[in-house]
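Asker: show me the folded form of this:
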Amino acid sequence: MDTALAALRTALTYLAIVSYTLLAGPVGLLIAVPFRVKGLLYDLGHVGVWMTLRTSGIRVTVEGREHLRPSTAVVFCANHQSNVDPPVLFSALHRRLHVLYKAELNRLPILGTVFQVGGYIPVPREQKEAALRAIELAAASIRQGNSFLVFPEGTRSCSDEMLPFKQGGFVMAIRAQAPVVPVAISGGRDAMRKGSALIYPAHVRVRIGSPVPTAGLTLDDRDALIATVCERIAAMLRQ
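Answerer: The predicted structure is shown next:
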């Protein structure tokens, strides 16, 4: 696609995101906070993601939905290629998907508050003790029935090769004795490359693998769990 056309479509997408956030965010918070109905924020979020994907021209195909068990709290572990990955997976994996996110995002007007009210867990990446507390909070939330999405690479990979997996999400799953669901996402880099603000129409494919149980595992098993999940994601990416 011509760069000028992509720039125009990108501008329209960002305008739609900002406008929707300024409209829906305060209204959702005014209802969700006093009446304790955080589910409303998730519903509004799904509408916003649908609008964003349609405006930007991003098409999504999901395979492996038979592995989803909405009534069971799990930890979804996905590879990370692009900034479009989080909204795509938020839409594809679970109606009430919780997320571990960078604490710096709390500075975002409205969205930072929405994340916190919605039960997302901020992780201060440069503060080890605070990060460990965040993992414990997330494990407690999983035990209460909430499913989480983590990107174990910690940041976006600039190539088709995955970066080494960090342990936090797997420690969280073991602490909660929750299954880990491997997720492979591809095509996001065609939509938005690292370091670029432009969004291009693209086809993003999400593959959901079978859950890896953690019942009975201890923290001594985390390296083996990481290796298993990493290999399953890599295998799905090779398909």
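
Asker: which residues touch the most centrally placed residue in the chain?
Answerer: By Cα atoms, centre = their mean, the chain has its centre lying nearest to Pro86, at 4.0 Å. By Cβ atoms under 8 Å, 6 or more residues apart in numbering, the contact list for Pro86 reads 99, 149. For every residue, glycine as well, the C-beta is placed using N, CA and C.

Asker: you'd agree it is in a strand?
Answerer: No. Pro86: not assigned to a strand; according to DSSP: H, G, I helix; E, B strand; the rest coil it is helix.

Asker: and the pLDDT for it?
Answerer: We have a pLDDT of 96 for Pro86.

Asker: now do the one 3 residues further on
Answerer: Note on Leu89: pLDDT of 98.

Asker: for it, give its distance to Arg193.
Answerer: From Leu89 across to Arg193, the span is 18 Å (Cβ to Cβ, to the nearest Å).

Asker: so for those two, which sits in the more crowded spot?
Answerer: Leu89 (26 against 17; other Cβ atoms under 10 Å).

Asker: mind checking what helix or strand follows the longest helix along the chain in sequence?
Answerer: Assignment by DSSP state H gives helix 3-35 as the longest helix of the chain. Next helix or strand after helix 3-35 toward the C-terminus (DSSP states H and E): helix 39-56.

Asker: which helices and strands does the longest helix of the chain pack with?
Answerer: helix 39-56, helix 111-117 (3 or more Cβ pairs under 8 Å, 6 or more residues apart in numbering; DSSP states H and E).

Asker: buried residues in the helix or strand of the chain with the lowest mean pLDDT?
Answerer: The helix or strand of the chain with the poorest confidence is strand 98-102; it has a mean of 91 (mean pLDDT, DSSP states H and E). Buried residues in strand 98-102, counted by 16 or more other Cβ atoms under 10 Å: 98-101.

Asker: next one: stretch 72-81
Answerer: Across stretch 72-81, burial judged by 16+ other Cβ under 10 Å covers 73-81.

Asker: equivalent analysis for stretch 163-170, please.
Answerer: 163, 165-166, 168-170.

Asker: among those residues, which lie within helices?
Answerer: Filtering the buried residues of stretch 163-170 for helices - DSSP H - leaves 168-170.

Asker: out of the helices and strands packed on helix 3-35, which gets nearest to Val183?
Answerer: helix 39-56 (16.3 Å; Cβ to Cβ).

Asker: buried residues, the closest one. List them.
Answerer: Residues 40-42, 44-46, 48-49, 51-53, 55-56 are the ones in helix 39-56 that count as buried (16+ other Cβ under 10 Å).

Asker: do the same with stretch 94-113
Answerer: Judged by neighbour count using 16+ other Cβ under 10 Å, the buried positions of stretch 94-113 are 94, 96-101, 103, 112-113.

Asker: could you single out the nearest of those residues to Cys158?
Answerer: Tyr101 (20.8 Å).

Asker: the nearest residue to the closest one once chain neighbours are set aside and Lys102: what is the separation?
Answerer: Computed as Cβ to Cβ, 6 or more residues apart in numbering, the closest residue to Tyr101 that is not its neighbour in sequence is Tyr120, at 5.6 Å. For Tyr120, the distance to Lys102 (Cβ to Cβ) stands at 11 Å.

Asker: repeat for Ala131
Answerer: From Ala131 to Lys102 the distance is 11 Å (Cβ to Cβ).

Asker: low-scoring stretches of the chain, by residue?
Answerer: 1 (pLDDT under 70).

Asker: closest one of the buried residues of stretch 94-113 to Leu137?
Answerer: When the buried residues of stretch 94-113 are ranked by distance to Leu137 (Cβ to Cβ), Leu100 comes first, at 9.6 Å.
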